[in-house]
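Chemist: From the sequence below, what's the structure:
(one chain, ligands or ions: 1)
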Amino acid sequence: MRYVLDEEKVKAFIKEVKPSKVLVEAPPGLFKPAKRVCELVSVECEISAMPVFGGCLAYEFLEGDAIIHLGHNPYPWWTPKKPTLYLEVPVEVETDVEVVKDKLKGKRVVLGAVVQHLNLLDELKERLRGWGFEPLTFTSKGLKEGQVLGCDYRNLRRGYDDYLIVAGGRFHALGAALYLKRDVLAFDPYSSRVERLDPTKALARRMWLVKEASNTKTVALVDGHEGQARPGLVRALKEMAEKAGMRVRVYKSLILTREFVLNLPEEVVVTLSCPRLALDDFGDVREKVVLAPGEFRAAVLGLDSYAFPF
Ligand code: SF4
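Modeler: Residues are numbered from 1 along each chain as shown. Alright, predicted model coming up:
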């Protein structure tokens, strides 16, 4: 396995922006390339230890007059004001795509991948065509062709026979299954493992939570910072909930801890900052109902159909 760091982009960025101090942000798996970036920049350089879950979190308030952010591309819904270079750092990994062949259902297969594995999609398409499938990838504003984010699955157009999601672990495939409200095939290129994820049980639990929330009197809307600050969505949900007779309080949080969520006085908590928190970090909370924005909207409007993420 090898991470591909575009060193020329780093040099060109420094030449253009001429910062006196650079902050490098990277998820823990990319600290080695982050170190290499600091060697390249020839100005003062620090590696941030703040969590970097997505392109949504480029910390503008931290030191440095420029940011080099590794592992993601720009978040479709936000642009940092501070000069920021996003470097995807694609992964070259030896993987066995053959394992997906007998697991796919139907002919027309939509492919999706996280940005670091988009480089696998061309090979996958070619192999799928060779096996008689019709692979498809789509593009949406702010996303690369075939790209999926934990909170943005617009590239997975509905109505096709099957969906193949390329990402390490199950996180992105699970989000895709909930978004599409159907099963998807998850392919992990690191382990060459495939797994079909059926969201039926998860959907039933989420719909139950949505129903529970529809009768609530008090709601905490937890907004975030940087790209996780969503003022328009906060206003819209607040107005909608108040019209429905709910009392709403807005909170701002950079990192949402369990302790914070459990100590909120409101019965229902909506994680606007990152919709995945409601499912992945607080999906097992019993003391209160924690929802993603789309789920809360469904609760207030009394929708029968599930909506995720926004
Ligand atoms: S899923 Fe959460 S962390 Fe990932 S891009 Fe979306 S808001 Fe950011």
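Chemist: what ranges do the helices span in the stretch 201-310 of the chain?
Modeler: 231-243, 258-263, 275-276, 293-301 (DSSP state H, counting those that start in this stretch).
Chemist: Just say helix, strand or coil for L120.
Modeler: helix (DSSP: H, G, I helix; E, B strand; the rest coil).
Chemist: thought it was touching P189?
Modeler: Yes - at 6.0 Å, L120 counts as touching P189 under the criterion of C-beta atoms under 8 Å. Heads up, the C-betas are built off the backbone N, CA and C, glycines and all.
Chemist: any shared contact partners between these two?
Modeler: 95, 166 (C-beta atoms under 8 Å, 6 or more residues apart in numbering).
Chemist: So the protein: which segments form each domain?
Modeler: With automatic domain parsing as the criterion, the domains of the chain are listed as 2-89, 97-198, 201-301.
Chemist: how about the ones you listed in CSV, adding mean pLDDT?
Modeler: Listed next are the domains of the chain as CSV, based on pLDDT from 0 to 100:
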stretch, mean pLDDT
domain 2-89, 96
domain 97-198, 97
domain 201-301, 97
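Chemist: would you list those in a markdown table and tack on distance to F308 and mean neighbour count?
Modeler: Converted to a markdown table, the domains of the chain look like this (distance: least, C-beta to C-beta, whole Å; neighbours: other C-beta atoms under 10 Å):
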| stretch | distance to F308 | mean neighbour count |
| --- | --- | --- |
| domain 2-89 | 16 | 18 |
| domain 97-198 | 5 | 18 |
| domain 201-301 | 5 | 18 |
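Chemist: will you turn these into JSON lines that also has distance to A307?
Modeler: Below are these laid out as JSON lines (distance: least, C-beta to C-beta, whole Å):
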{"stretch": "domain 2-89", "distance to A307": "17"}
{"stretch": "domain 97-198", "distance to A307": "9"}
{"stretch": "domain 201-301", "distance to A307": "4"}
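Chemist: Which of the three states applies to G54?
Modeler: coil.
Chemist: I'd guessed it sits against G150; true?
Modeler: Yes - using C-beta under 8 Å, G54 is in contact with G150, at 6.8 Å.
Chemist: For those two, list the residues in contact with both.
Modeler: Contacts common to G54 and G150, judged by C-beta under 8 Å, 6+ apart, are C274.
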